[in-house]
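> got a sequence here, can you build the structure:
(one chain, ligands or ions: 1)
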Amino acid sequence: MKRFEGKVALITGASRGIGRGIALCLADEGADVRVNYRSHAEEAQQVAEAVTSMGRRALAWQADVSDRHAVAGMVTAAVEHFGHIDIAVANAATENHGPVIETSWEDDLRTFEVTQFGVFHTCKMCAQQMVKQVLGGRKGGKIIIISSVCAEIPVRERAAYNMSKAAINHLGRTMAVELIRYHVNVNMINPGWIDTPGERDMYGDSMIDEAGKQIPWGRLGMPEDIAKAVAYLASDDADFVTGTTLLVDGGLTLYCGDLDLTQAAD
Ligand code: NAP
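From the prediction side, this is the model:
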């Protein structure tokens, strides 16, 4: 029996990149999947079809996670369609770049609304559903937040994103404390640099193809690297793991041990 057989997973931002990788990985191990997306309907549909072709149930659902009414609608519809939610992965995010003294409030606010509040809405509403299920006799659920190494490292010109990622990790720890009595686990993953469409749009193919050389492991991460970590945290093997943050970065954050400090002021 596959380890997610009979389980339902809701994954935000699953039309592309890491979210897509998570959807396919969980489906491959038996999960039915709610594929959330914001703008790439065709890609989301393709993910849903790939899940269906593995013999699982899938439904693509458009919702902007920054809109709490849309998130509530998505959770309700998922329960109506699948009956329950066992695994929730809060993955969708956006980011704006620039020195904090120069970025516009509108751009900063959009990052907060999606990357911070979107995760808050997703986790809160999925947790409400999971607690209801536990009180009805179902086994507790798993909530996984896809955060970032930027939660810990103040990468320059990403103030709103860094702040949001730090905030959602603390949200996750707080929810882990509150939900432990229901045996609903809440854990975070801090990915390093992962090769996704979003990164390629931002940096261009040539820079992404070169960037792997800077990572101690010798390559960028792939969505599958994060998906496998999600699968562990979503599985029964992680029943005793809650409130933790798993770093999946190919040694990226070990790199500072190699830094030439004579360049530090640069
Ligand atoms: P990506 O390739 O840009 O894909 C982003 C996904 O999120 C898409 O499916 C997109 O949907 C969805 N999305 C964006 N805004 C949304 C919104 N308001 N409501 C619902 N869905 C929304 O991103 P990624 O690189 O896979 O990143 C996924 C997660 O990993 C993010 O939390 C990111 O911060 C984190 N992360 C990534 C890296 C990296 O190097 N890639 C590193 C650290 C952390 P549509 O395309 O349909 O609009």
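
> element containing residue 5?
For residue 5, there is no host helix or strand (DSSP states H and E).

> can you give me phi and psi for it?
phi -60, psi 130 (degrees, to the nearest 10).

> how much space between it and residue 74?
23 Å (Cβ to Cβ, to the nearest Å). Glycine gets a C-beta too; all of them are placed from N, C-alpha and C.

> who has more neighbours, the two?
Legend: neighbour count by other Cβ atoms under 10 Å for residue 5 and residue 74, higher for residue 74 (25 against 11).

> please name the nearest non-neighbouring residue to that one.
Residue nearest to residue 74 in three dimensions, not counting chain neighbours: residue 63, with 4.4 Å by Cβ to Cβ, 6 or more residues apart in numbering.

> longest helix of the protein?
helix 159-179 (DSSP state H).

> got the buried residues for that one?
For helix 159-179, a neighbour-count test (16 or more other Cβ atoms under 10 Å) marks 159-169, 171-173, 175-176, 179 as buried.

> neighbours of residue 206, how many?
Neighbourhood size, residue 206 [other Cβ under 10 Å]: 8.

> need the pLDDT of it.
Per-residue pLDDT puts residue 206 at 94.

> what do you get for the one 10 residues further on?
Looking at residue 216, its pLDDT stands at 93.

> start at 24, not 1
From this message on, residue numbering opens at 24, which makes the last subject residue 239.

> do you know how far it is from the ligand?
15 Å (Cβ to the nearest ligand atom, to the nearest Å).

> part of a helix, is that residue?
No. Counting by DSSP: H, G, I helix; E, B strand; the rest coil, residue 239 falls outside a helix, being coil.
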